[in-house]
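Asks: build me a model from this:
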Amino acid sequence: MSRRGIDALVIGAGVSGLTTAICLAEAGLRVTIWTAEPPQQTTSYAAGAMWGPYLVEPIDRVRLWSVQTLDVLRQLAADPQTGVRLVSGIEASREPVEPPEWGSQLDGFRLCEADELPNGFVTGWRYTAPIVDMPTYLGYLDQRFAAGGGRIEIRRVGSLDQAAGVAPVVVNCAGLGARELVPDPMLTPIRGQLVVVENPGITEFFSEDTGLSPDLLHFYPQGKTVILGGTAEPGNWRQEPDPHIAAAIIDRCAELEPLFRDARVIEHRVGLRPARPCVRMEKEQLDGVTLIHNYGHGGAGVTLSWGCGKHVTGLAC
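Replies: Reported below is the predicted structural model:
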């Protein structure tokens, strides 16, 4: 079923698939995306999303990919139509911990004074980082891909063999779908739930370093709304919002910022992070086709997206 006029087929239209497809298209390839859901219905829609290498390996590659992505997001923040904004705030911990090694990459990074921290917190650091309004950002990526000549086809792929013969290069950006598509049993979900509220006047973010706890605490202002979070529940496949979890998220955030107690709830979001011991980024041959895997980014899909897209382009061209 060879199709003339397609140089690369990308499977998946989340942030990794769209960004990778853009990188390939802007390198001069004719690119088509096959996706089971349009971008606004992918897991990426439910992301927070703030730049930060969150529980993802291998660290040497992650360092490069995340810095490359940070550079691009900073550039995109100059255009409000992208949904990317540079926001200042604090990450803090209730236990003595060392600041993240990637902190030096961020503007204004410094340790907090004791009087800057909320009650109960003993250490923290302040910095400015990209925060991404995912519905707007996915729309921007969709339009940029189309402007580069790309096409998106809604098509559920049952096996990688279906893609053989469609294009000389196939890129697997199927996210959690790669568990069955490859198949890859090492890929597992980490359920995330968020609450979107009307912004009561918040201009800075806050994020608690909760370690490996499934109960997260963060709030990210995105103009007229604020994203309240969150959860990280390994092995949980449930995609419907849980009202009890939503109430607990609001309570945790309101303990730090009482304005959230009466903020109007606009939306509940649930996404299944595609977690894997290590991001799978490798090339192989499948029936004469170059197959490139780019999945398993866990909660760092946005953070690694442009770096991984550039890496894929290097493998494909």
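Asks: and Leu9, what pLDDT?
Replies: Looking at Leu9, its pLDDT reads 98.
Asks: just Cys278 next, same as before
Replies: 97.
Asks: also the one 4 residues further on?
Replies: The pLDDT attached to Glu282 in the predicted structure is 97.
Asks: okay, and it sits in which element?
Replies: strand 280-286 (DSSP states H and E).
Asks: what's the answer for Val10, then?
Replies: strand 8-11.
Asks: so after that strand, what's the next helix or strand?
Replies: helix 15-26.
Asks: show me what the strand holding Glu282 pairs with in its sheet, parallel or antiparallel.
Replies: When pairs are called by DSSP bridges, strand 280-286 turns out to pair with strand 289-295 (antiparallel).
Asks: picking that back up, quick one: buried residues of the strand holding Glu282?
Replies: Arg280, Met281 (16 or more other Cβ atoms under 10 Å). (C-beta placed from N, C-alpha, C; glycine too.)
Asks: chain center to that strand: distance?
Replies: Taking Cα atoms, centre = their mean, to the nearest Å, one finds strand 280-286 lying 22 Å from the centre of the chain it belongs to.
Asks: now do that strand: everything it contacts.
Replies: 61, 160-161, 164, 170, 178, 184, 290-296, 308, 311-312, 315 (Cβ atoms under 8 Å, 6 or more residues apart in numbering).
Asks: go with 7 Å
Replies: 61, 160, 164, 290-296, 308, 311, 315 (Cβ atoms under 7 Å, 6 or more residues apart in numbering).
Asks: pick out the most distant pair among the residues you listed.
Replies: Arg61 and Ala164 (27.6 Å; Cβ to Cβ).
Asks: which ones are touching the nearest residue to Pro221 once chain neighbours are set aside?
Replies: Residue nearest to Pro221 in three dimensions, not counting chain neighbours: Ile202, with 4.5 Å by Cβ to Cβ, 6 or more residues apart in numbering. Residues counted as contacts of Ile202 (Cβ under 7 Å, 6+ apart) are Phe219, Pro221, Val226, Glu257.
Asks: where do the helices of the stretch 51-200 of the chain begin and end?
Replies: 59-76, 134-147, 178-181 (DSSP state H, counting those that start in this stretch).
Asks: and the protein, what are its domains?
Replies: Using automatic domain parsing, the domain parsing of the chain gives 1-83+133-187+276-317, 87-131+189-275.
Asks: of those domains, which stretch is the most buried?
Replies: Mean neighbour count (mean count of other Cβ atoms under 10 Å) peaks for domain 1-83+133-187+276-317 among the domains of the chain, with a mean of 20.
Asks: and that domain, how far out from the chain middle?
Replies: Using Cα atoms, centre = their mean, the offset of domain 1-83+133-187+276-317 from its chain centre is 11 Å.
Asks: same question for stretch 224-240.
Replies: 13 Å.
Asks: need the CA coordinates for it. CSV is fine.
Replies: C-alpha atoms of stretch 224-240 as CSV (Å, rounded to 0.1, in the frame of the first residue of the first chain):
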residue,chain,number,x,y,z
LYS,A,224,-7.5,33.8,32.8
THR,A,225,-7.2,30.3,34.4
VAL,A,226,-5.1,28.4,36.8
ILE,A,227,-4.2,24.7,36.6
LEU,A,228,-4.4,23.1,40.1
GLY,A,229,-2.7,19.7,40.6
GLY,A,230,-2.5,17.0,40.9
THR,A,231,-1.9,13.3,41.0
ALA,A,232,0.7,10.7,39.9
GLU,A,233,-0.9,7.2,40.3
PRO,A,234,1.2,4.4,38.7
GLY,A,235,-0.8,1.6,37.1
ASN,A,236,-4.1,3.5,37.2
TRP,A,237,-5.9,3.3,33.8
ARG,A,238,-9.0,5.3,34.9
GLN,A,239,-9.6,8.2,32.5
GLU,A,240,-12.7,9.7,34.2
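Asks: quick one: contacts of it?
Replies: In contact with stretch 224-240 (Cβ under 7 Å, 6+ apart) are residues 48, 188-199, 202, 214-216, 218-220, 245, 249-250, 253, 260, 266, 270, 272.
Asks: and it, what's its mean pLDDT?
Replies: For stretch 224-240, the mean confidence score works out to 97.
Asks: can you give me the strands in the stretch 101-250 of the chain?
Replies: For the stretch 101-250 of the chain, applying DSSP state E, counting those that start in this stretch gives strands covering 107-111, 123-132, 151-154, 169-172, 188-198, 205-208, 215-222, 225-231, 233-234.
Asks: of these, which is nearest Val72?
Replies: strand 123-132 (9.2 Å).
Asks: and the closest one, average pLDDT?
Replies: The model assigns strand 123-132 a mean pLDDT of 98.
Asks: next, the angle from that strand to strand 107-111.
Replies: 160 degrees (axes from the mean of the first three to the mean of the last three Cα atoms, to 10 degrees).
Asks: run the chain-centre distance for strand 123-132.
Replies: 16 Å.
Asks: other SSEs contacting that strand?
Replies: strand 84-93, strand 107-111 (3 or more Cβ pairs under 7 Å, 6 or more residues apart in numbering; DSSP states H and E).
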